[in-house]
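Trainee: Need coordinates for the below:
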Amino acid sequence: QVQLVESGGDRVQAGDSLTLSCAASGLSLSAYAVGWFRQAPGKEEEFVASLTRNKRDTYYADAVKGRFTISRDNAKNTVYLQMNTLNFEDTAIYYCAVHSGTAQRMGQMRFDYRGRGTQVTVSS
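Mentor: Prediction:
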């Protein structure tokens, strides 16, 4: 059974940093592109970031470019999202996902498996 379990969500102040983790089981992460999506209150789910299998290429939503960094540790079967200079608009449930296609296609919300999410709340 495939499971993606996010952790690290918290309530923080604007300007703070936070790192999310996503532990995968039931699959070998190295076989997938990985990514993060988020859904803010009252808004549709949106793409945040994705990373290729070989770690060479990353893709970011304009809203987080320069502030967020996605990374992966295939040996630990874990994906990370380092978030810096958080602001109120980053408040959302963050979901980890994997895709058997390309990391670029994850920008179109494509995925094979997705976790249940972790809540990030930023107070202004």
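
Trainee: Need the residue closest to the centroid of the protein.
Mentor: In the chain, the C-alpha closest to the average C-alpha coordinate belongs to residue 36, at a distance of 2.3 Å (Cα atoms, centre = their mean).

Trainee: Contacts made by the helix or strand of the chain with the lowest mean pLDDT with the rest, please.
Mentor: Comparing helices and strands within the chain by mean pLDDT, DSSP states H and E singles out helix 103-106 as the least confident, with a mean of 95. Counting by Cβ atoms under 8 Å, 6 or more residues apart in numbering, helix 103-106 makes contact with 33-35, 47, 50-53, 57-59, 97, 99, all of which sit outside it. (Each C-beta comes from the backbone N, C-alpha and C, glycine too.)

Trainee: Swap in 6 Å and give it another go.
Mentor: Where contact means Cβ atoms under 6 Å, 6 or more residues apart in numbering, the residues beyond helix 103-106 that reach it are 33, 35, 50, 51, 52, 59, 99.

Trainee: returning to that earlier point: ok, for the residue nearest to the centre of the chain, nearest residue in space, not its chain neighbours?
Mentor: Of all residues beyond its chain neighbours, the one nearest residue 36 is residue 48 (4.2 Å), with distances taken as Cβ to Cβ, 6 or more residues apart in numbering.

Trainee: give me the number of residues near the one you found?
Mentor: Burial of residue 48, expressed as a neighbour count using other Cβ atoms under 10 Å, amounts to 27.

Trainee: For stretch 20-30, measure first residue to last.
Mentor: Between the opening and closing residues of stretch 20-30 we find a distance of 19 Å, counting by Cα to Cα, to the nearest Å.

Trainee: So which bits of that stretch are buried?
Mentor: Of all the residues in stretch 20-30, those buried under the rule 16 or more other Cβ atoms under 10 Å are 20, 21, 22, 23, 24, 27, 29.

Trainee: Could you export these as TSV, including secondary structure?
Mentor: Formatted as TSV, the buried residues of stretch 20-30 follow (DSSP: H, G, I helix; E, B strand; the rest coil):
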residue	secondary structure
20	strand
21	strand
22	strand
23	strand
24	strand
27	coil
29	helix
